[in-house]
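Chemist: A predicted structure for the sequence below; I have some questions about it.
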Amino acid sequence: GAENAINGEWLKGPSMKLLNAIDERLTAEGIDTKLGFSTYVDQQFAPKQEKLKNHSRFIMSLCPISRSYTSSITKDSVYPEIKPYVRNKWENAKTVEELLAYYKHWRKTQNLNCPGYVFEYHFWRHQYLDPGMIQMSRRLHQDIRALPLMDMAGMVEDGSNKSFFPNGLQSYTYSRTLTDSDVEFNQIVQEYFPTAYGEDWQVAYDYLCKISELFDHGYMCGEKGIDP
């Protein structure tokens, strides 16, 4: 349908042309379906020429697949200057601050007013680097609470969402904090652990905290040590 709408021209142009073409066709058909598009890998760089036309049609997502999970955005976060795009020679951003800087530049240069959300990866390989699951659950809690600072409407997760080793604390933290961003992490623990482990839940929690502490996440993901 999109190809017919613009006589195959989408094959010669960037994704922005394709998004605009689909929007024009849907508008002509009277269809108000929303379209999502992502800033991901090399698409973290904003287009220099093409502009998104009908902002009300779209929802934008930030996909920080290369980010570090040793820190979260805070009110004191400092955003670096973005680097220019050099074909086949650019490097993935390593911090959430740098990735958000690219995202903000995207929106500024496009003058976008459509909603934005984060497409995250807490449930991807990073969760397996924290056998106790406490560090990653805390990071997820802090990242969700930082959404207003990032000007994000929400968060969607990629990865193994149904993995429950050693338990489902991360999944419970995800849903619990998204529905109530004021909830403290200790409250989440006090709700989840007695249900999962019974009257001796504190023993289980202390044990898993110690495991998480010993498997330092910065070391496990290669950010620390002499040979990352």
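Modeler: On my side now, so go ahead. In this text, all values refer to a predicted model and were calculated from it rather than measured experimentally.

Chemist: so which bits of whichever strand or helix holds E120 are buried?
Modeler: For E120, the host element (DSSP states H and E) is strand 116-123. Neighbour-count burial for strand 116-123, counted by 16 or more other CB atoms under 10 Å, picks out 116-123. All C-beta spots, glycine's among them, are computed from the backbone N, C-alpha and C.

Chemist: other SSEs contacting that strand?
Modeler: strand 58-62, helix 134-145, strand 155-159, helix 169-179 (3 or more CB pairs under 8 Å, 6 or more residues apart in numbering; DSSP states H and E).

Chemist: how about low-confidence regions in the protein?
Modeler: Scanning the chain for pLDDT under 70 picks out 1-14, 228.

Chemist: any idea what the residue most central in space within the chain is bridged to?
Modeler: Central residue of the chain (CA atoms, centre = their mean): E120, 2.8 Å from the mean position. As for beta bridges, E120 partners with E157 under DSSP bridges.

Chemist: for I211, which residues are in contact?
Modeler: I211 sits next to 131-132, 134 when contact means CB atoms under 8 Å, 6 or more residues apart in numbering.

Chemist: most neighbours among the residues you listed, which one?
Modeler: When neighbours are counted by other CB atoms under 10 Å, I134 leads these with 22 neighbours.

Chemist: wait, doesn't that residue sit right on Y207?
Modeler: No: using CB atoms under 8 Å, I134 makes no contact with Y207, being 10.2 Å away.

Chemist: that older thread, now, which of the contacts of I211 sits nearest L52?
Modeler: I134 (41.0 Å; CB to CB).

Chemist: any chance you could map the helices in this structure?
Modeler: With DSSP state H as the criterion, the chain has helices at 2-5, 15-28, 96-110, 134-145, 169-179, 185-197, 201-214, 217-220.

Chemist: nearest to V86, out of those?
Modeler: For the helices of the chain, distance to V86 was read as CB to CB. The smallest value, 14.2 Å, belongs to helix 96-110.

Chemist: gap between the closest one and the chain center?
Modeler: Averaged C-alpha coordinates place helix 96-110 at 13 Å from its chain's average position (CA atoms, centre = their mean, to the nearest Å).

Chemist: buried by neighbour count: which residues of that helix qualify?
Modeler: Within helix 96-110, the residues scored as buried using 16+ other CB under 10 Å are 96-107, 110.

Chemist: reformat those as TSV; add distance to T74.
Modeler: Converted to TSV, the buried residues of helix 96-110 look like this (distance: CB to CB, whole Å):
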residue	distance to T74
V96	10
E97	10
E98	15
L99	15
L100	12
A101	15
Y102	19
Y103	17
K104	16
H105	20
W106	22
R107	21
Q110	26
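
Chemist: of those residues, just say which sits nearest to P64.
Modeler: L99 (4.4 Å).

Chemist: report the contact partners of the closest one.
Modeler: 44, 62, 64, 66-67, 93.

Chemist: M150: which of those residues is nearest?
Modeler: Relative to M150, and with distances defined as CB to CB, the nearest of the contacts of L99 is L62, at 7.9 Å.

Chemist: ok, that closest one touching F119?
Modeler: Yes: with contact defined as CB under 8 Å, L62 counts as touching F119 (6.9 Å).
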